[in-house]
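Enquirer: Let's see this in three dimensions:
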Amino acid sequence: MEDNKSMTVKKTVKSGITFGSALAMVISYTTWKSVGWAIFHGLLSWVYVIYFLLRY
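Expert: Okay, the predicted model is just below:
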């Protein structure tokens, strides 16, 4: 039972990180029109998404 919960948590975290990176990159590219900034913000992931929501 414990092993199953652990696997579910790992899959959820991985999906969240992937989605957060993609969302950050789309927001960044749409706002700044720069691939370089999009990659940088994609690495920051959810940090940039939360910053963007609070700032704008």
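Enquirer: in this protein, which spans are helices?
Expert: Under the criterion DSSP state H, the chain carries helices at the ranges 2-32, 35-44, 46-55.
Enquirer: The longest one to helix 35-44, inter-axis angle?
Expert: Angle between the axes of helix 2-32 and helix 35-44 is 150 degrees (criterion: axes from the mean of the first three to the mean of the last three Cα atoms, to 10 degrees).
Enquirer: What distance do you get for Ile27 to Arg55?
Expert: Ile27 sits 11 Å away from Arg55, taking Cβ to Cβ, to the nearest Å as the criterion. (Each C-beta comes from the backbone N, C-alpha and C, glycine too.)
Enquirer: Next up, the contacts around the residue nearest to the spatial centre of the chain.
Expert: With distances taken as Cα atoms, centre = their mean, the chain has Gly20 as the residue nearest its mean C-alpha position (1.8 Å). For Gly20, the contact set (Cβ atoms under 8 Å, 6 or more residues apart in numbering) comprises 45-46, 49.
Enquirer: Kindly recompute the last result at 10 Å.
Expert: Going by Cβ atoms under 10 Å, 6 or more residues apart in numbering, Gly20 touches 42, 44-50.
Enquirer: do Tyr48 as well
Expert: Taking Cβ under 10 Å, 6+ apart, one finds 20-21, 23-25, 27-28, 37-38, 40-42 in contact with Tyr48.
Enquirer: Please apply the same query to Tyr29.
Expert: Listed by Cβ under 10 Å, 6+ apart, the contact partners of Tyr29 are 35, 37-39, 41-42.
Enquirer: switch to 7 Å and redo it
Expert: 35, 38 (Cβ atoms under 7 Å, 6 or more residues apart in numbering).
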